[in-house]
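Undergrad: Curious how this folds, go ahead:
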Amino acid sequence: MAHIKPTESELEILQILWEKGEASVREVHEILVKNKDVGYTTTLKMMQIMHEKGLVNRDSSARTHIYSANVSRESTQQHLLDRMIANVFNGSAARLVMHALGNNTASAEEIAEIKKYLDNLEK
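TA: Numbers count the residues shown, from 1 in each chain. Next up is the predicted model:
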């Protein structure tokens with residue numbers, strides 16, 4: 001299957017499904033409206049489109065349809081990161097890392113973890 005490229009809004013819904021495991025449209029919508037102005041019918045339509053695209057599974061056996069992610073968080077993150085490195089950083093993972101760390105957003109614990117990761121890569 002060719003990897004599906006979720007939109008930003010679809011990623012927000014996937015994040016909810018990855019956290020919850022499964023949810024109804026109403027449950028997803030209640031979480032979405034905490035951070036953005038979106039109507040219930042918009043959430044419903046988006047999840048129907050996501051189902052058609054193969055991003056989510058839908059269990060229609062009960063009156064309330066239950067959705068779950070059909071793509072893993074890890075594979076989606078890897079695919080999006082690969083695209084970003086290729087398109088934004090001209091194929092250089094080092095440029096991505098230097099840019100991210102240059103913004104001083106990493107905590108001391110995260111920097112220590114990165115150093116440990118780099119040490120393991122060198123071995």
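
Undergrad: okay, now the domains of this structure?
TA: Split into domains by automatic domain parsing, the chain comes to 8-69, 91-123.

Undergrad: pull the helix or strand with minimum mean pLDDT from the protein.
TA: helix 93-102 (a mean of 84; mean pLDDT, DSSP states H and E).

Undergrad: rewinding a little: deepest of the domains of the chain, which one?
TA: Stretch with highest mean neighbour count among the domains of the chain: domain 8-69 (a mean of 15; mean count of other Cβ atoms under 10 Å). Every C-beta, even on glycine, is put in place using the N, C-alpha and C of the backbone.

Undergrad: Quick one: list the elements packing against the least confident helix or strand of the chain.
TA: Using 3 or more Cβ pairs under 8 Å, 6 or more residues apart in numbering; DSSP states H and E, the elements in contact with helix 93-102 are helix 73-88.

Undergrad: and the helix it packs on, what does it pack onto?
TA: By 3+ Cβ pairs under 8 Å, 6+ apart, helix 73-88 packs against helix 8-20, helix 93-102.

Undergrad: that older thread, just how off-centre is the least confident helix or strand of the chain within its chain?
TA: 20 Å (Cα atoms, centre = their mean, to the nearest Å).

Undergrad: Next, the closest residue to residue 66 other than its chain neighbours: phi, psi?
TA: Spatial nearest neighbour of residue 66, excluding adjacent residues (Cβ to Cβ, 6 or more residues apart in numbering): residue 59 at 4.4 Å. Phi and psi for residue 59, reported as degrees, to the nearest 10, are phi -100, psi 110.

Undergrad: With residue 57 instead?
TA: The phi/psi pair for residue 57 (degrees, to the nearest 10) is phi -100, psi 150.

Undergrad: Before I go, just wanted to say thanks for your time.
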